[in-house]
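Peer 1: heads up, no residue letters with this:
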């Protein structure tokens, strides 16, 4: 049974998420020049429906923008990736044990490293299409943006990331959501793909049938190690 303090905590967390989502709607709406809307409903109804309307509007705004025929060059993606890394580095705590001052981003991350990050998520996206026939769709990107906005634990940092990407829904989807989504999808698909793991699994199962006891497991071709637990 939940206590009053627990229920209050849930309400506060929900309110914080709704507030961030509303901020996202405002930022994204401004970015694509949506006309202002002034619903003529009573104030009490307007307050009650604000959370639902915010989520519906956010979904509509992001979806319409992502589906536009826009493109980003590789150089564009690298520039946006650097902007993202700048935000992350700005919030990285510099240990007091370090004698010198915190260096700029260029001092810890080269241009080549940023390019490799971009190449990595583009390669993952292409692999999803080539190996699994599962290209990332606009709807998936939309849901990923919504997930990020709803579940972030650092709303202030997220707002800075959006601002660094010009509050452009398409850029946010491509340069912030796509890398995360592509990595998650390819990790899940690869982990269960028998084309990559089927032969290894069959070989391991065959050896376990041959060497059934723990003492005989040392004879398997795989890496064998023992851990002794002392009570």
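Peer 2: Looks like it came in fine. In this text, all values refer to a predicted model and were calculated from it rather than measured experimentally. Residues are numbered from 1 along each chain as shown.

Peer 1: Could you tell me the phi and psi values at residue 128?
Peer 2: In terms of degrees, to the nearest 10, the main-chain angles of residue 128 are phi -60, psi -40.

Peer 1: is it true that it touches residue 189?
Peer 2: Yes: using Cβ atoms under 8 Å as the test, residue 128 is close enough to residue 189 to be in contact (7.3 Å). To be clear about C-beta, it is placed using only N, CA and C from the backbone, and glycine gets the same treatment.

Peer 1: shared neighbours of these two, anything?
Peer 2: Overlap of the contact sets of residue 128 and residue 189 (by Cβ atoms under 8 Å, 6 or more residues apart in numbering) consists of residue 134.

Peer 1: who's more crowded, those two?
Peer 2: A direct count of neighbours by other Cβ atoms under 10 Å for residue 128 and residue 189 places residue 128 higher, at 18 against 15.

Peer 1: Find the nearest non-adjacent residue to that one, please.
Peer 2: residue 134 (4.8 Å; Cβ to Cβ, 6 or more residues apart in numbering).

Peer 1: For that neighbour, grab the count of nearby residues.
Peer 2: For residue 134, the tally of surrounding residues (other Cβ under 10 Å) stands at 14.

Peer 1: Hmm, it is touching residue 189, no?
Peer 2: Yes: counting by Cβ under 8 Å, residue 134 touches residue 189, with 7.1 Å between them.

Peer 1: joint contacts of those two?
Peer 2: Here residue 134 and residue 189 have residue 128 as joint contacts, going by Cβ under 8 Å, 6+ apart.

Peer 1: Return the helix or strand in this structure with minimum mean pLDDT.
Peer 2: Ranking every helix and strand in the chain by mean pLDDT, DSSP states H and E puts helix 4-31 at the bottom, with a mean of 46.

Peer 1: And residue 76, which helix or strand is it part of?
Peer 2: When secondary structure is defined using DSSP states H and E, the element that contains residue 76 is helix 74-90.
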